[in-house]
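**Q** Sequence below, structure please.
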Amino acid sequence: MSGSLPRVLIVEDHVLLAESLELALRLRDFEHVELADASHLDAAGVLERVADAQPDVVLLDLLLGQVGVSVPLIAPMIELGATVLVLTASHDHLMLARCLEAGATGVFDKAQPFDDLVTWVTDAMLGRATMRPAARDMLLAALDEHRRQNDELGHLFERLTKRERAVFSAIVNGATAEEIAAQEFVAVSTVRTHIRSILEKLGVNSQLAAVALARRSGWLDRNSA
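**A** Below is the predicted model of the structure:
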């Protein structure tokens, strides 16, 4: 690091934005600023770039070309010795909270003035808070509450029998009661009995509501095959 100013690596897949950030930092006398064009890099390539640059601070775009959501890259970057500030246009509080949980020092809205970002970079290296504690706590509390609710929803689905789970999976995939009955070699009335039981156990009044509940709880992801 030169003087009190950190070495900065900008990991961004929008070149114009990255160059604008670089210019803003250099105008504030940051001498060591590098760009990592992440538009054609996979996760391993991004981490290799960080390892080569050995930055004090990484400005990490939340959404990167081939990588997609960059949250899984935060912890490895920290292990490489970098402080991570996440750049994003997203207002998804749960996603922002996951960035903080993964170890990011802060999340920076791309709509904010670049001068504010320069201050954040300096504060991060000096160990100062880059976010108001109340804002940080609010995001993390929202993530905790989201997980608590999903756990409660998950318990509802645990009440389904093996047969009911099979029927519900078929419903999720768009099958009608008649189609399920034909596939399972049972009467349509039997399938409809299973469906009524599923709705009762999940506490909903329609198959559409049951599917929405499954999506919210993550059941769809866990049981898609």
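**Q** Check the closest residue to Val172 other than its chain neighbours and give its pLDDT.
**A** Spatial nearest neighbour of Val172, chain neighbours left out: Val211 (5.7 Å); criterion: C-beta to C-beta, 6 or more residues apart in numbering. (C-beta placed from N, C-alpha, C; glycine too.) For Val211, the pLDDT comes out at 89.
**Q** Please, which helix or strand holds Val211?
**A** Counting by DSSP states H and E, the element that carries Val211 is helix 207-217.
**Q** Which neighbouring elements make contact with that helix?
**A** Applying 3 or more C-beta pairs under 8 Å, 6 or more residues apart in numbering; DSSP states H and E, one finds that helix 207-217 contacts helix 133-158, helix 162-172, helix 188-202, helix 219-222.
**Q** quick revisit: what are the neighbouring residues in contact with the residue nearest to Val172?
**A** For Val211, the contacting residues are Ile171, Val172, Leu220, by C-beta atoms under 8 Å, 6 or more residues apart in numbering.
**Q** Most neighbours among those residues, please name it.
**A** Ile171 (22 neighbours; other C-beta atoms under 10 Å).
**Q** one step back: so how far is His194 from the residue nearest to Val172?
**A** In this view, Val211 and His194 are 15 Å apart by C-beta to C-beta, to the nearest Å.
**Q** For Arg163, give me its contacts.
**A** His194.
**Q** Number the chain from 49, please
**A** OK, 49 is where the count begins now, so the last one is Arg211.
**Q** what helix or strand does the residue nearest the centre of the chain sit in?
**A** In the chain, the residue lying closest to the centroid (C-alpha atoms, centre = their mean) is Met143, at 4.2 Å. Assigned by DSSP H and E, Met143 falls within helix 141-150.
**Q** In CSV, could you pull the C-alpha coordinates for the very next helix or strand once past that helix?
**A** Sequence-wise, the next helix or strand downstream of helix 141-150 (DSSP H and E) is strand 154-157. These are the backbone C-alpha positions of strand 154-157, laid out as CSV (Å, rounded to 0.1, in the frame of the first residue of the first chain):
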residue,chain,number,x,y,z
GLY,A,154,-20.5,-2.9,3.1
VAL,A,155,-22.9,-2.8,0.2
PHE,A,156,-22.8,0.3,-2.0
ASP,A,157,-25.7,1.5,-4.2
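**Q** buried set for strand 154-157?
**A** Gly154, Val155, Phe156 (16 or more other C-beta atoms under 10 Å).
**Q** quick one: the first one and Thr136 touch, right?
**A** The reference is to Gly154. No - counting by C-beta atoms under 8 Å, Thr136 is not a contact partner of Gly154; they are 10.8 Å apart.
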